[in-house]
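In: Sharing a model prediction with you, sequence too.
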Amino acid sequence: MDDKALIERISNGEMIQRGEELPKGYRSELMRLMVVFVDSQLAGAAGFANMINHGPGLRERRTAAQIVADRFDHAEQILDLLKDFNVEPRLYVSSHAWASRLDRTVDLGNRRIGGDKRLNVFHYPLEGWVDALILNTLMGTASSVQLGELRHASYAPLAEAMIEIVKSEQAHIEMGEKGLQDAIDHSGTASAQAAVDYWYPRVAATFGRADSEHNARFQQYGLIKQSNDSRLTAWEGQINDLLGRIGLNAPV
């Protein structure tokens with residue numbers, strides 16, 4: 001099947017099933033989406049795992065451990081799909097240093113660096129419990145927007161997997177909001193607001209450039225429907241409301 005025939009099928013509302021022969025272009029963009037997701041889940045889990053014992057109580061530590069376990073589960077689900085693309089999960093998981101981080105002062109923006117394909121936000125280190133809660137909340141809300149679209153992706157196995165993954169991400173947002181409210185009640189807003197000021201632009205950068213060629217191809221292949229700017233605007237509306245509920249402000 002060539003690109004033209006596949007795009008016509010997708011435009012007619014057909015879903016692409018597991019095991020079908022895929023044109024090179026579609027296969028490449030689909031793999032990119034899945035690899036970025038897997039790498040981000042593995043890197044995110046590795047960073048957050050280091051924060052488990054920073055939780056102020058056992059309930060908070062159990063919650064953090066559950067979030068880490070969920071991220072590994074999400075990565076495993078999509079790695080299972082990548083086996084059809086000649087990816088061996090055990091080798092893949094050991095192929096990168098998922099816990100590696102850059103200096104906190106670095107700001108990559110949208111600039112990609114070598115190594116794995118994690119979103120840039122997972123190249124920055126966490127600094128304590130409140131900092132981790134802020135990133136979890138901001139990035140969890142971003143993920144619910146970004147991954148929410150993939151529930152309707154033209155590749156049926158990916159769309160099906162994302163239904164439960166998005167539910168899990170929503171639960172993480174709720175956990176994060178509760179944890180943040182507790183932390184603010186005990187210690188005030190100063191450290192939480194400083195973390196928002198640091199992480200907000202870095203999470204915003206995960207939505208990519210407005211003129212992204214990959215985004216255009218994702219839309220062409222029916223993998224996503226919205227532009228990067230549209231998804232960014234949706235996230236800003238959701239996260240700004242959430243921050244307002246707990247007495248925090250988005251950076252100006």
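Out: Structure's in. What do you need? Numbering: from 1, shown residues only.

In: so Leu22 makes contact with Ile16?
Out: Yes. The criterion here is C-beta atoms under 8 Å, and Leu22 meets it with Ile16 at 7.2 Å. C-beta coordinates here come from the backbone N, C-alpha and C atoms, glycine included.

In: shared neighbours of those two, which are they?
Out: Here Leu22 and Ile16 share the contacting residues Leu6, scored by C-beta atoms under 8 Å, 6 or more residues apart in numbering.

In: who's more crowded, those two?
Out: Taking other C-beta atoms under 10 Å, Leu22 and Ile16 do not tie; Ile16 has more neighbours (23 against 19).

In: List the contacts of that one.
Out: Leu6, Arg9, Ile10, Leu22, Tyr26, Ser154, Tyr155, Ala156.

In: Lowest mean pLDDT among the helices and strands of this protein, which one is it?
Out: helix 213-220 (a mean of 90; mean pLDDT, DSSP states H and E).

In: And for that one, what's in contact with it?
Out: Ile7, Gly25, Glu29, Arg32, Leu33, Gly208, Ile224, Lys225, Ser227, Asn228.

In: From the residues you listed, list the buried ones, please.
Out: Buried members of those, counted by 16 or more other C-beta atoms under 10 Å: Ile7, Glu29, Leu33, Gly208, Ile224, Ser227, Asn228.

In: If you count neighbours, what's buried in the host helix or strand of the first one?
Out: It refers to Ile7. Assigned by DSSP states H and E, Ile7 belongs to helix 3-11. Neighbour-count burial for helix 3-11 flags Leu6, Ile7, Arg9, Ile10 (criterion: 16+ other C-beta under 10 Å).

In: next SSE after the helix or strand hosting Ile78?
Out: Using DSSP H and E, Ile78 maps to helix 58-82. Sequence order places helix 89-93 as the next helix or strand after helix 58-82, per DSSP H and E.

In: The nearest residue to Arg9 once chain neighbours are set aside bridge partners, please.
Out: Once flanking residues are discounted, Arg9 sits nearest to Ile16: 7.5 Å by C-beta to C-beta, 6 or more residues apart in numbering. Beta-bridge pairing for Ile16 (DSSP bridges): Tyr155.
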